[in-house]
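Q: got a sequence here, can you model it:
(chains A and B)
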There are 2 protein chains.
Amino acid sequence: MNLNNKPVKGFLLDITGVLYNSDPSRMGRVIEGSVEAVNRLYAESVVRFVTNESTRSRKHLFEKLTRLGFTLKEEHIFMPIPEAKRYIKEHNLRPHILVHKGIVNEFEDLDTSNPNCVLLGDAEEGFTYESMNAAFRVLHTLSDPLIISLGFGKFYQRIDGPCMDVAGFVRALQYACDARTFIIGKPEKQLFKAATDDMGLMTDEVVMIGDDIVSDIGGAQKAGIRGVQVRTGKWRESWMNHSIKPDLLVDDLRSAVEMLLKKKGN
Amino acid sequence: MNLNNKPVKGFLLDITGVLYNSDPSRMGRVIEGSVEAVNRLYAESVVRFVTNESTRSRKHLFEKLTRLGFTLKEEHIFMPIPEAKRYIKEHNLRPHILVHKGIVNEFEDLDTSNPNCVLLGDAEEGFTYESMNAAFRVLHTLSDPLIISLGFGKFYQRIDGPCMDVAGFVRALQYACDARTFIIGKPEKQLFKAATDDMGLMTDEVVMIGDDIVSDIGGAQKAGIRGVQVRTGKWRESWMNHSIKPDLLVDDLRSAVEMLLKKKGN
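A: This next block holds a predicted model:
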């Protein structure tokens, strides 16, 4: 285990592809052993959840996890929506909003008149030529076009196959309008940092466990956090040759927790 | 006129934004003076049309131009569709096709079983999450994912406002899949070269007249052709500071033809 022999005092967990797999019904299917692994982490260590999930609110995500059998606290889930709202308000931005229909009302209290930026999330079926063109027309008129992106995943794994995530659609608008992009969520530091602070730990005292080599592993490492790659979710064997090298590669969350809690005990 | 004092023996004309402007009805509106300008070019010089139009076949484009009052020969129109078909056949490619519904049947004779690349054109309303994801899934399984793009425009000007062109959607898939892209059409050389050869002229003997600083002017210049920028179509004043500098900037096609035929006469 290339984990620098530094103790692991806290755990950050990605959700999709680590706790459950997505399916087209949006119900999710638990990854074997992950409910028990989360229980062990709550009992024997400290744990927070760091996800780029942007197709439902934190409340709905919490309810979904509960329905799937997980026991956790809602406030332990760190995700881009609240961070994005804070950022938008702090900078007096008035976004044109193109996000999943399931989270549109999360942004109801923002001023969206005469927009001076575009807020983009994984809109799934909401990405149409018409909606992309509407966002394009906003950016096209701005002298300093800005896209705020909820996460920046290339794709995610659904049971029926891989699905494009928000990053491609950001790139589309960015290229068409020569826009700047501000990413909220993994692989950027904000969420990792907020979750680690919330545990009262230093970044080199925690590990991030995720299925995305770029967002989870690369992002964590850039934030000074060790990255543990699971072979579930969107994991692909070809990533063995990826320029990003995880600190630890394990079969699944259960194995990761078994190995690292043992390590902690030593 | 910074045209190097080299005679102009032939003219290449972009179509949309130079001969007519697009409108949502797809009828088109003639740009004043352009019908007469084309007639003068046919009478007093040599002319070919170089367009990235990929939402209709050459036959339909020719019929549209005729209906709008233009007199020209169908075989004088150079556009990406036939070039793309030639390239695909030559390289034994089997494309997954995502193009405008108006040109799908142009590709009917291609082998599209077990696809080993994606052919992308300006699909307009055909760009949905479902269609993008279907293309993504093809690319995602390939060890050397390849996108063939019909043109690579950022946007085009329609009477109701600017509209995203194919380039953004190529970028979306390219980023999500780490794909290679092969562009057929402007700003690449193939079409400029084919049209110039067809006139029996050298590239430094002709001018390209267009409204797109990148596709028309930059593309022509890379091919050794002088680029004449018109202030119609998608022209924007901010392009005065663009890194690409046209050899000549004129109000419209009519002015360009007046100035350059005079020059020719000298």
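Q: need the residues of the stretch 51-200 of chain A near chain B, please.
A: Those residues of the stretch 51-200 of chain A that sit near chain B, judged by Cβ under 8 Å from any Cβ of the partner chain, are A:123-130, A:132-133, A:136-137, A:140, A:154-155, A:161-165, A:167-169, A:171-177. (Glycine included, C-beta is placed from N, CA and C.)
Q: buried subset of those residues?
A: Listed as buried from these are A:123-124, A:126-129, A:132-133, A:136-137, A:140, A:154-155, A:162-165, A:167-169, A:171-177; burial here means 16 or more other Cβ atoms under 10 Å in any protein chain shown.
Q: how far is stretch A:240-253 from where the chain is centred?
A: 18 Å (Cα atoms, centre = their mean, to the nearest Å).
Q: now A:Lys262: which helix or strand?
A: Per DSSP states H and E, A:Lys262 falls inside helix A:253-265.
Q: could you list the residues in contact with that helix?
A: Contact with helix A:253-265 is made by A:1, A:3, A:7-9, A:11, A:13, A:18-19, A:31-34, A:36-38, A:40-41, A:44-45, A:207, A:209, A:228, A:230, A:232, A:248, A:250, as judged by Cβ atoms under 8 Å, 6 or more residues apart in numbering or on different chains.
Q: returning to what we had before: which ones among the residues of the stretch 51-200 of chain A next to chain B lie within helices?
A: A:129-130, A:132-133, A:136-137, A:140, A:167-169, A:171-177 (DSSP state H).
Q: these two touch, right, A:Gln221 and A:Gly227?
A: Yes - with contact defined as Cβ atoms under 8 Å, A:Gln221 counts as touching A:Gly227 (5.2 Å).
Q: what's the overlap in contacts for the two?
A: A:Ile244, A:Asp247.
Q: tell me which of those two has more neighbours.
A: A:Gly227 (25 against 18; other Cβ atoms under 10 Å in any protein chain shown).
Q: excluding its backbone neighbours, what's nearest the more buried one?
A: In space, and not counting its chain neighbours, A:Gly227 is closest to A:Ile217: 3.5 Å by Cβ to Cβ, 6 or more residues apart in numbering or on different chains.
Q: for the one you found, grab the count of nearby residues.
A: 30.
Q: which residues touch it?
A: A:Met208, A:Gly210, A:Gly227, A:Val228, A:Gln229, A:Ile244, A:Pro246.
Q: that one and A:Ile225, how far apart?
A: 10 Å (Cβ to Cβ, to the nearest Å).
Q: now do A:Ile209
A: With Cβ to Cβ as the criterion, A:Ile209 and A:Ile225 are 10 Å apart.
Q: can you list residues touching both of the two?
A: With Cβ under 8 Å, 6+ apart as the test, A:Ile209 and A:Ile225 both reach A:Leu12.
Q: what's the burial count for A:Val214?
A: A:Val214, neighbours per other Cβ under 10 Å, totals 18.
Q: can you pull the contacts of it?
A: Per Cβ under 8 Å, 6+ apart, neighbours of A:Val214: A:Lys154, A:Pro187, A:Ile244.
Q: what do you get for A:Glu63?
A: Contacts of A:Glu63 by Cβ under 8 Å, 6+ apart: none found.
Q: doesn't it lie inside a helix?
A: Yes - under DSSP: H, G, I helix; E, B strand; the rest coil, A:Glu63 falls within a helix.
Q: what secondary structure does A:Glu36 sit in?
A: Assignment for A:Glu36 (three-state DSSP): helix.
Q: correction: the previous question concerned A:Gln221.
A: helix.
Q: per-residue pLDDT, it?
A: pLDDT, A:Gln221: 98.
Q: got it, and the one 3 residues further on?
A: We note a pLDDT of 97 for A:Gly224 in this prediction.
Q: wait, it sits on A:Val206?
A: No - between A:Gly224 and A:Val206 there is no contact under Cβ under 8 Å: 9.5 Å.
Q: the more surrounded of those two?
A: A:Val206 (25 against 15).
Q: now for that one: which residues touch it?
A: A:Val8, A:Lys9, A:Gly10, A:Phe11, A:Leu12, A:Thr196, A:Met199, A:Ile225, A:Arg226.
Q: report the central residue of chain A.
A: A:Asn52 (2.1 Å; Cα atoms, centre = their mean).
Q: which one among the contacts of A:Val214 gets closest to chain B?
A: A:Lys154 (4.8 Å; Cβ to the nearest Cβ).
Q: what's that closest one sitting at in phi/psi?
A: Dihedral angles of A:Lys154 (phi, psi; degrees, to the nearest 10) stand at phi -80, psi -40.
Q: distance of it relative to A:Phe169?
A: 11 Å.
Q: then A:Val50?
A: 22 Å.
Q: which SS state does the residue nearest to A:Gly227 fall under?
A: Per three-state DSSP, A:Ile217 ends up helix.
Q: what distance do you get for it to A:Phe49?
A: 16 Å.
Q: which residues of the stretch 1-150 of chain A score low on pLDDT?
A: For the stretch 1-150 of chain A, the stretches flagged by pLDDT under 70 are A:1-2, A:4.
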